[in-house]
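J.: no letters, just coordinates:
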């Protein structure tokens, strides 16, 4: 198994075999993200990917461990040609007889470049779940952070993925608009987009200023203000109150979050809101700044 540069995966993929099919991110312009800044995006040759799968077969056979899950790295496997991605999926399921699911990140622009039929073909071939970084439902804010799509396009990408039968997991960023009235608009627009997109899973992470990013430099120059722990709690509360998706698996337990929360909506909404209210009354319940990370 070979990897080029640092490898990232969603927290829930910790048990997955990580197969690098692309290097870097096909967009790689978001102002807040440092994950792939040191990489020049390219798609790995199919023969190299197949060689890695064979290496993984030998490695896991030696360990006596079946491969049940595979995550396709790096930042946007969906950008690959559909026929190449279908070939990789076939190779994986042929190689690992106990394989249950293959998952990947999906970029909104790469998703929109594929037809609904192509997305359905990927699902039928065994691409089970995709992770979509929506970040916000606010159209102006999507432009500010250089996400590469507007709100209408982001919503369309999410709907296409869901309608193709893929298990859609969306990530949004608390604090992305900074404090004050922009914060409320960001969360209101995000809740509205989620209610229209109807993902099966939603994770709310909290923005941190990463060195080397455009947003990190804005924070250093005093041009952007990060929200406080209390303000992050309020954004989480507004989001939970505004969501009507049913059912929805909601997580806010990433290392960047001030107050770990996880549950199902609507059944666990009241309990999570109660936990937020308790933390608003006693900020000692919040993670310290030193205890947070990405």
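T.: Looks like it came in fine. Here the structure is a predicted model, which means the values were calculated and not measured. Residues are numbered from 1 along each chain as shown.
J.: hang on, residue 72 packs against residue 101?
T.: No. The pair residue 72 / residue 101 is not scored as a contact, 11.2 Å apart, by Cβ atoms under 8 Å. Any C-beta I mention is one placed from the backbone N, CA and C, and that applies to glycine too.
J.: neighbours around the nearest residue to residue 139 once chain neighbours are set aside, how many?
T.: In this structure, residue 139 finds its nearest non-sequential neighbour in residue 151, 3.9 Å apart by Cβ to Cβ, 6 or more residues apart in numbering. Residues near residue 151, counting by other Cβ atoms under 10 Å, number 21.
J.: now do residue 48
T.: Residue 48 is flanked by 12 other residues according to other Cβ under 10 Å.
J.: and it, how close does it get to residue 260?
T.: For residue 48, the distance to residue 260 equals 39 Å [Cβ to Cβ, to the nearest Å].
J.: re earlier: quick one, which of residue 72 and residue 101 is more surrounded?
T.: The neighbour comparison of residue 72 against residue 101 (other Cβ under 10 Å) goes to residue 72, with 27 against 14.
J.: measure that one to residue 190 for me?
T.: Distance from residue 72 to residue 190, by Cβ to Cβ: 27 Å.
J.: same check on residue 9?
T.: On the measure of Cβ to Cβ, residue 9 and residue 190 end up 24 Å apart.
J.: comparing the two, which residue is more hemmed in?
T.: Between residue 9 and residue 190, counting by other Cβ under 10 Å, residue 190 is the more crowded of the two (30 against 17).
J.: and the closest residue to that one other than its chain neighbours, what does it touch?
T.: Distances taken as Cβ to Cβ, 6+ apart place residue 137 nearest to residue 190, at 4.1 Å, with adjacent residues excluded. Going by Cβ atoms under 8 Å, 6 or more residues apart in numbering, residue 137 touches 151, 154, 155, 186, 189, 190, 191, 192, 193, 194.
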